[in-house]
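Trainee: Need a 3D model of the sequence below.
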Amino acid sequence: MKKILTLITLVMGSLPSQEMEIKGEVVKSYEILSPSDNINMVALEIKTEKGEIITAHLCPPWFLNADFQKGEKITLIGKYTYQNVFMVREMVRNNVRVRIRDESDNPLWIRTRIRARYCFYNPQTETYLKGKIEEVYLVSPSLLMEANVKLENGEIVRVRLAPSWYLQNRIKVGDEIELRGSEIRFDSERMILAREMRNLRTKEMISLRDMQGFPMWAGRMQGKGYGHGKEYSPKRKRKW
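Mentor: You can find the predicted model right below:
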């Protein structure tokens, strides 16, 4: 009987906790590689009001678009996982509430758009765009990064970019960009497969595909220490 009770206690103790709110201050922030998604995630060490140090996992850095300062006050809403890591669903800082996951704990930075899973680059439909990044997210199941770009005429265009590990925080929400890419359509929805783009904030030219649309990241190593590989440099300077 004691063995059964002990087993029940162990099993119950390993179950995830109910959602709770934690208030404290940031001790440090860093990035980790999520083994389940193979993408970089923001992690925080938080000193709670009770003086405890906890580890909290948030989301990819490009989704959050924020830097954390040591000692800043923060409120986290979420629950503990089996590994005793606090998985954040919502965060409050500077009186601003930021949602990271929905009520079912599904990450808001991943969206499922199966109908756009298979799309091919067509050099004959290449076009030029200039606009402001309104939103950035990953598309399941391919886990490629996409962005909603607001053009100068107010139109919102969906742009398919590259894996998040290839871009490595080189773009953020709010950045103004110029890009070239192949225009395709799904159910009358306009989408651009980006070949190259320039971030007007950083002045960096970012090459995503070659002239025929072949991905520049194909065959490159990902993960810590490899970044986005050797940078592609066009032989001739582009005129925008």
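Trainee: Which elements pack onto the host helix or strand of residue 158?
Mentor: Following DSSP states H and E, one finds residue 158 within strand 156-163. Counting contacts by 3 or more Cβ pairs under 8 Å, 6 or more residues apart in numbering; DSSP states H and E, strand 156-163 packs against strand 126-140, strand 144-151, strand 189-199. All C-beta atoms are positioned from the backbone trio N, CA, C, and that covers glycine.
Trainee: One more pass at 10 Å, please.
Mentor: Counting contacts by 3 or more Cβ pairs under 10 Å, 6 or more residues apart in numbering; DSSP states H and E, strand 156-163 packs against strand 126-140, strand 144-151, strand 176-186, strand 189-199, strand 204-207.
Trainee: Find the least confident helix or strand in the chain, judged by mean pLDDT.
Mentor: Taking mean pLDDT, DSSP states H and E as the measure, helix 2-14 is the helix or strand of the chain with the lowest mean score, a mean of 39.
Trainee: Okay, buried residues for the helix or strand that comes right after that helix please.
Mentor: Going down the chain from helix 2-14, the next helix or strand is strand 20-33, by DSSP H and E. Under the neighbour-count criterion of 16 or more other Cβ atoms under 10 Å, strand 20-33 has 22, 24, 26, 29 buried.
Trainee: cool, stretch 208-216 as well?
Mentor: Buried, per 16+ other Cβ under 10 Å, within stretch 208-216: 208, 209, 213, 215, 216.
Trainee: For the residues you listed, work out which two are farthest apart.
Mentor: The two members of those with the most space between them (Cβ to Cβ) are 213 and 216, at 10.4 Å.
Trainee: shared neighbours of the two, which are they?
Mentor: residue 195 (Cβ atoms under 10 Å, 6 or more residues apart in numbering).
Trainee: JSON lines please, covering the helices and strands packed on strand 156-163 and showing distance to residue 53 and mean pLDDT.
Mentor: Formatted as JSON lines, these follow (distance: least, Cβ to Cβ, whole Å; pLDDT from 0 to 100):
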{"stretch": "strand 126-140", "distance to residue 53": "30", "mean pLDDT": "91"}
{"stretch": "strand 144-151", "distance to residue 53": "33", "mean pLDDT": "92"}
{"stretch": "strand 176-186", "distance to residue 53": "40", "mean pLDDT": "91"}
{"stretch": "strand 189-199", "distance to residue 53": "37", "mean pLDDT": "93"}
{"stretch": "strand 204-207", "distance to residue 53": "37", "mean pLDDT": "96"}
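Trainee: So what pairs up with the closest residue to residue 171 other than its chain neighbours in the strands?
Mentor: Closest residue to residue 171 apart from its sequence neighbours, by Cβ to Cβ, 6 or more residues apart in numbering: residue 199 at 5.8 Å. Counting by DSSP bridges, residue 199 is bridged to residue 177, residue 204.
Trainee: didn't residue 199 look like it was pressed against residue 161?
Mentor: No: applying Cβ atoms under 10 Å, one finds residue 199 not in contact with residue 161, separated by 11.7 Å.
Trainee: which neighbours do those two share?
Mentor: 170, 171, 179, 206.
Trainee: unless I'm mixing things up, the third one is touching residue 159, no?
Mentor: Yes: checked against Cβ under 10 Å, the pair residue 179 and residue 159 is within contact range at 6.8 Å.
Trainee: Which residues are in contact with each of these two?
Mentor: 129, 131, 147, 149, 192, 194, 197.
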